[in-house]
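Trainee: Starting from these lines, generate the structure:
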Amino acid sequence: MQKEKLWTKDFISISVVNFVMMLSMYLLLVIMATYATEHYDASASTAGLVASIFILGALTGRLYAGKQIERLGSKKMLIAGIVFFVIITVGYFISAGIYFLVLIRFLHGIGVGLATTATGTIVAQIIPRSRNGEGIGYFSLSVVLATAIGPFVGLTLIKYSGYTSVFIFSLLMGIISFIIALPVKAPSVENAASPDTRGFKLSNFLEMRALPISLVMLIVGLAYSGILSFITSYAKEMNLMAASSYYFLVYAVIVFISRPFTGRLMDGKGGNSVAYPALILFAIGMFILSEANTNFSFLLAAAIIGLGYGNFQSCTQALAIKVTPPHRMGLANSTYFICMDLGLGLGPFALGYLVPILGFKGLYSS
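Mentor: Numbering: from 1, shown residues only. Sure thing, here's the model as predicted:
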């Protein structure tokens, strides 16, 4: 029997749009604290706020988008999010003080939250149900590649051209994503609006069927945030800085290679065939990282964590969508990413209190 087509023009376009938006997000995320310190003489806490308030903005955007996609449609939400993203990016060129920058970061996060909730919803609508795991796996590679390429691009631009070039690049990314998104055709979904969406109800903001697996992702994301936040400090402490510069590259390559196989495995054997082994691999990778004392063991941990966390992330997203009816996919995506962002966003703050007590080795092994 012939497989349903996955690599359609719309699937490729939406994946590229998501990559471009996330690339802009990550290249700014790694440079904003330093920018706030150098240009506005911000304190460490204020500089941290400039970097992290973006996540709060993204959460706000996702909460709104998840509720409104059902009424407005995912294509309109996508275009509105990208336009808002482009307009707000212009604000980076205006030097009006540190609090204005904090505001711009928050609003920029809202734009990304709106747009990426829409891209996740559209891709869930156009992927054939029989290839759900495989399709989500390929689509989420756009985020993996953005996390690896974004920081590299941001730091390289600063080194050779200064901060203004980063803002110009981000603006161009927004314009490019708008051009690519315009021709995309999002499927119309029946039963898109219902009377019970009025008023304040938790079910209007969160998809309850997707919440259990999303909460699991929150916990796993909390653990993974310790790597995002402290891996450089840990490498410096262990005198493994040469390996640390390749950590996320190895992670991304392993995820890129494994996703096609794990996606097909999930479609053929079910979500548990990927989720449980991925969790075990993640735990093994964290233990190896905690015991790493050579460049090889450090990068081996990166590879195993890529197999574990990298595939668990796409698996849980596919499961969140699978248990949700088509007209609630916007809320399912919003619920999933809200939980993931909360784990990644709150993790550094919470785990930061454990580092003085446990040390980096204790943090990763526990």
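Trainee: spatially speaking, which residue is in the middle of this structure?
Mentor: Centroid-nearest residue in the chain, with Cα atoms, centre = their mean: residue 143, separated by 5.7 Å.
Trainee: Would you mind stating the distance between that one and residue 359?
Mentor: Note on residue 143: its distance to residue 359, by Cβ to Cβ, to the nearest Å, is 30 Å. (C-beta placed from N, C-alpha, C; glycine too.)
Trainee: before we move on, back to that, using the three-state scheme, assign the residue nearest to the centre of the chain.
Mentor: helix (DSSP: H, G, I helix; E, B strand; the rest coil).
Trainee: these two touch, right, it and residue 21?
Mentor: No: judged on Cβ atoms under 8 Å, residue 143 makes no contact with residue 21 at a distance of 9.7 Å.
Trainee: hang on, the earlier thing: list the contacts of the residue nearest to the centre of the chain.
Mentor: 18, 19, 22 (Cβ atoms under 8 Å, 6 or more residues apart in numbering).
Trainee: mind listing what the first one touches?
Mentor: Just to be clear, that refers to residue 18. 116, 119, 120, 123, 139, 142, 143.
Trainee: Apply 7 Å and report the result again.
Mentor: Neighbour list for residue 18: 116, 119, 139, 142 [criterion: Cβ atoms under 7 Å, 6 or more residues apart in numbering].
Trainee: ranking those residues by neighbours, who comes first?
Mentor: When neighbours are taken as other Cβ atoms under 10 Å, the top entry among those is residue 119 (30 neighbours).
Trainee: average pLDDT for the host helix or strand of residue 135?
Mentor: Element membership of residue 135, judged by DSSP states H and E, is helix 132-161. Taken as a whole, helix 132-161 has a mean pLDDT of 81.
Trainee: for the stretch 151-300 of the chain, what spans make up the helices?
Mentor: Secondary structure of the stretch 151-300 of the chain by DSSP state H, counting those that start in this stretch: the helices cover 163-181, 211-237, 241-244, 247-269, 272-291, 295-305.
Trainee: residues of the first one that come out buried?
Mentor: Judged by neighbour count using 16 or more other Cβ atoms under 10 Å, the buried positions of helix 163-181 are 163, 166-167, 169-171, 173-174, 176-178, 180-181.
Trainee: Ok, stretch 252-265 next?
Mentor: 252, 253, 254, 255, 256, 258, 259, 262, 263, 265.
Trainee: residue contacts, the last one?
Mentor: Residues in contact with residue 265, defined by Cβ under 7 Å, 6+ apart, are 273, 274.
Trainee: Kindly report the same for the fourth one.
Mentor: When contacts are counted by Cβ under 7 Å, 6+ apart, residue 255 is found next to 144, 306, 310.
Trainee: Export these to a markdown table and append columns for neighbour count.
Mentor: Shown next, in a markdown table, are the contacts of residue 255 (neighbours: other Cβ atoms under 10 Å):
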| residue | neighbour count |
| --- | --- |
| 144 | 23 |
| 306 | 26 |
| 310 | 28 |
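Trainee: hang on, the earlier thing: looking at the buried residues of helix 163-181, which is nearest residue 100?
Mentor: For those, the residue nearest residue 100 by Cβ to Cβ is residue 167; the value is 14.0 Å.
Trainee: Contacts only, for the closest one.
Mentor: So residue 167 contacts 89, 92, 93 (Cβ under 7 Å, 6+ apart).
Trainee: can you count the residues close to residue 268?
Mentor: Neighbours of residue 268 using other Cβ under 10 Å come to 11.
Trainee: what's the distance between it and residue 327?
Mentor: 27 Å.
Trainee: same question, residue 337
Mentor: Distance from residue 337 to residue 327, by Cβ to Cβ: 19 Å.
Trainee: neighbour-wise, which of the two wins?
Mentor: Per other Cβ under 10 Å, whichever of residue 337 and residue 327 has more neighbours is residue 337, with 24 against 15.
Trainee: residues in contact with the nearest residue to the more buried one once chain neighbours are set aside?
Mentor: Nearest residue to residue 337, sequence neighbours excluded (Cβ to Cβ, 6 or more residues apart in numbering): residue 62, at 5.5 Å. For residue 62, the contact set (Cβ under 7 Å, 6+ apart) comprises 113, 117, 334, 337, 338.
Trainee: Please apply the same query to residue 11.
Mentor: Here residue 11 is in contact with 123, 126, 127 (Cβ under 7 Å, 6+ apart).
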